[in-house]
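Asker: My questions concern the predicted model and sequence given below.
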Amino acid sequence: NSVYLRTLDRSTDPCQDFYQYACGGWVRKNPLPDGRSRWSTFNSIWDQNQAVLKHLLENGTFNSSSEAERKTQSYYLSCLNEQRIEELGAQPLIDLIAKIGGWNITESWDKDNFLDVLKIVSGPYRAQPFFTVGVSVDPKNSNSNVIQVDQSGLFLPSRDYYLNKTNEKVLKAYLDYMVELGLLLGGDKNSTRVQMQQILDFETALANITVPQDERRDEEKIYHKITIADLQVLAPAVEWLDYLNFVLSPLELNETEPVVVYAKEYLQQVSDLINKTDHSLLNNYMIWNLVQKGASSLDQRFENAQDKLLESLYGTKKSCTPRWQTCIGNADDTLGFALGALFVKATFDKQSKEIAEGMIDEIRTAFKDALDDLNWMDEQTRQAAKDKADAIYDMIGFPDFILDSKELDDVYDGVTEDNFFQNMINFYNFSARVMADQLRKPPNRDQWSMTPPTVNAYYMPTKNGIVFPAGILQAPFYTQDHPKALNFGGIGVVMGHELTHAFDDQGREYDKDGNLRPWWQNSSVDAFKNRTECMIDQYTQYTINGEHINGKQTLGENIADNGGLKAAYHAYRSWVQKNGEEKRLPAVNLTNDQLFFVGFAQVWCSVRTPESAHEGLMTDPHSPPKYRVIGTLSNSPDFTEHFQCPLGSPMNSGHRCVVW
């Protein structure tokens, strides 16, 4: 347990900067590893999980009875087979472009096929120029699936990269990347640069009409359910019925089919933009969307081009990631549940499931008890909130279907070959079929959006469920022989965080059955908004490298961090009342209550490059790790009590924001 001693920075006063106090030693001992833009507990556990998977896939005695698991292995090996990838060079992508009708950058193209190209790149190849089309749960009718259309089509991580002058370095690197790929695929030097600049200008026009993330948080406001016929009137530049029938084939849709649109004004504007843009540019842009997807499974020259772009975006030096790690990551993205089956069988302890379920119940009870102390909530809404908390169900470790090899094989139907590029293409085709297949089926609880080895967790508003993959149910989040204070401060806070998402500014709009509908009394909505305004202001004041956090964009995660800490701490106190105080850790000069807060803070110890920190502020709904610690603890009266922070110290300003 001396790890806690080594990680602390005893020279810092915990009431001045608790992040530095809890993580200073860790930061000193963890310089950023080569080729990484960030490093944290999460990354190091994922590294360990990847090493386990590598061992399982490369083990000579790999003779699984599951076809899906064998496919995962051959997919992984095709990615490792660099000799074959080098032999094929750029040809697989060049052939694909020719098959789709050519590209003005590398050869002549078929001038009259806007809709055909749009259908092919966004259907079987799953690229997303102009907009995304998906099938998932209808937020206003949570026991059925529906077609959903939203804004999309920017290659860089967010619209700010195109519109904000501080990102000029990145825009230049992006243009260089575009040109380099154009040349590798056979383009002429001068005309390629001219045309790529036009594509970049077009993406900038898209960025201009793209609605910023922080203005899209109110889902009641942005949800519009219309028919395909209405969509045709809204955005006439695309023949929607023809397009959707192709993308969702073999389904037969007609124009009364409902579609949920999340970007009404955007679709109107993008339709105008398409109508007034030259066809050769539209075609260049659509094929560019396909090229970006294909480039990562081609030879080293493409890899090197990408590394240069990533360096300007994230500050990483030439990628030092070993090929096997890249390939495990790819396998996790494409065949993650088959990979997860291998992982779970090798590592996941049956007992963990029961222990986790018990902890979630303790935290749920603490959360519900706290509702009684909220004077801002009316009685009726309070009771409905308790009912919602009771209805939250949890999924732990992995979805059951993956241990049934027949079911797993059905999910991953299709062939793998020794050609990595072709395997990627087969996977896109396969995922397009899976999507179409969902539309007429009811949503399925076994459908997870994170794979079992993932070191993370999430809340699903439309299912009112919380999910904790096997990947996060391990040290340091949870360890059997740890003091309970550390387990509650680690995985307990993660559980409280996901549970609180059911009541953040977005989750609170969904009822206990996962439907988007108003279930609050107006007086409580107003009181809630007052309290969240406080939090928006608090976090907006924090800066990283002179840049402010976006308090609106991070509101939901900040609410979850604050509510999660409080619920987990109170659950720990209840545990102590039932079971008696734990004995203190030898050689650590902290009470167990203090240890709880140290354990929480140490989950967030991390280092990252300035570029990556900037990217996080632009795109991440979470606050930077340092402020997930400081913001949350400075709002906690329990923290102040146990570290006796004087009023007016940075960690106890006397002005607290509390929602839950």
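Answerer: Yep, that arrived. Since the model is a prediction, treat every value here as computed from it, not as a measurement.

Asker: Sketch out the strands for the stretch 301-450 of the chain, chain order is fine.
Answerer: Counting by DSSP state E, counting those that start in this stretch, residue ranges of the strands within the stretch 301-450 of the chain are 393-397.

Asker: Which parts of it are helices?
Answerer: For the stretch 301-450 of the chain, the helices identified by DSSP state H, counting those that start in this stretch occupy 323-347, 350-371, 379-391, 405-411, 420-438, in order along the chain.

Asker: Low-confidence regions, the stretch 451-600 of the chain specifically.
Answerer: By pLDDT under 70, the stretch 451-600 of the chain contains no weakly predicted segment.

Asker: Same question for the stretch 201-350 of the chain.
Answerer: Applying pLDDT under 70 to the stretch 201-350 of the chain picks out residues 318-319.

Asker: Met460: neighbour count?
Answerer: Using other CB atoms under 10 Å, Met460 is surrounded by 25 other residues. All C-beta spots, glycine's among them, are computed from the backbone N, C-alpha and C.

Asker: got it, and Arg382?
Answerer: Burial of Arg382 is recorded as 17 neighbouring residues (other CB under 10 Å).

Asker: Which residue comes closest to it once chain neighbours are left out?
Answerer: Closest residue in space to Arg382, ignoring its immediate chain neighbours: Leu371 at 5.5 Å, by CB to CB, 6 or more residues apart in numbering.

Asker: in terms of contact, does the one you found touch Asp378 like I think?
Answerer: No - in this structure, Leu371 is not within contact of Asp378 by CB atoms under 8 Å, at 11.6 Å.

Asker: quick one on the thing from earlier: got a list of what the residue nearest to Arg382 touches?
Answerer: Taking CB atoms under 8 Å, 6 or more residues apart in numbering, we find Leu371 in contact with 377, 382, 385-386, 389, 660.

Asker: how near is it to Val494?
Answerer: Distance of Leu371 to Val494, given as CB to CB, to the nearest Å: 21 Å.

Asker: for Gln438, same thing?
Answerer: Distance check for Gln438 against Val494: by CB to CB, it reads 29 Å.

Asker: These two: who's more crowded?
Answerer: When Gln438 is set against Val494 and neighbours are counted by other CB under 10 Å, the residue ahead is Val494, at 24 against 18.

Asker: May I have the distance across stretch 363-379, first residue to last?
Answerer: 22 Å (CA to CA, to the nearest Å).

Asker: Give me the buried positions along it.
Answerer: Along stretch 363-379, the positions that meet the burial threshold by neighbour count (16 or more other CB atoms under 10 Å) are 363-364, 366-368, 371, 374, 377.

Asker: ok, now stretch 586-604?
Answerer: Residues 588, 590, 592-604 are the ones in stretch 586-604 that count as buried (16+ other CB under 10 Å).

Asker: Going by distance to Val261, which of the residues you listed wins?
Answerer: Ranking these by separation from Val261, with CB to CB as the measure, puts Trp604 on top at 37.0 Å.

Asker: Is the closest one part of a helix or strand, or is it coil?
Answerer: For Trp604, the assignment made with DSSP: H, G, I helix; E, B strand; the rest coil gives coil.

Asker: Please parse this structure into its domains.
Answerer: Under automatic domain parsing, the residue ranges defining each domain of the chain are 90-297, 354-397+448-643.

Asker: Please identify the most buried of those.
Answerer: domain 354-397+448-643 (a mean of 20; mean count of other CB atoms under 10 Å).
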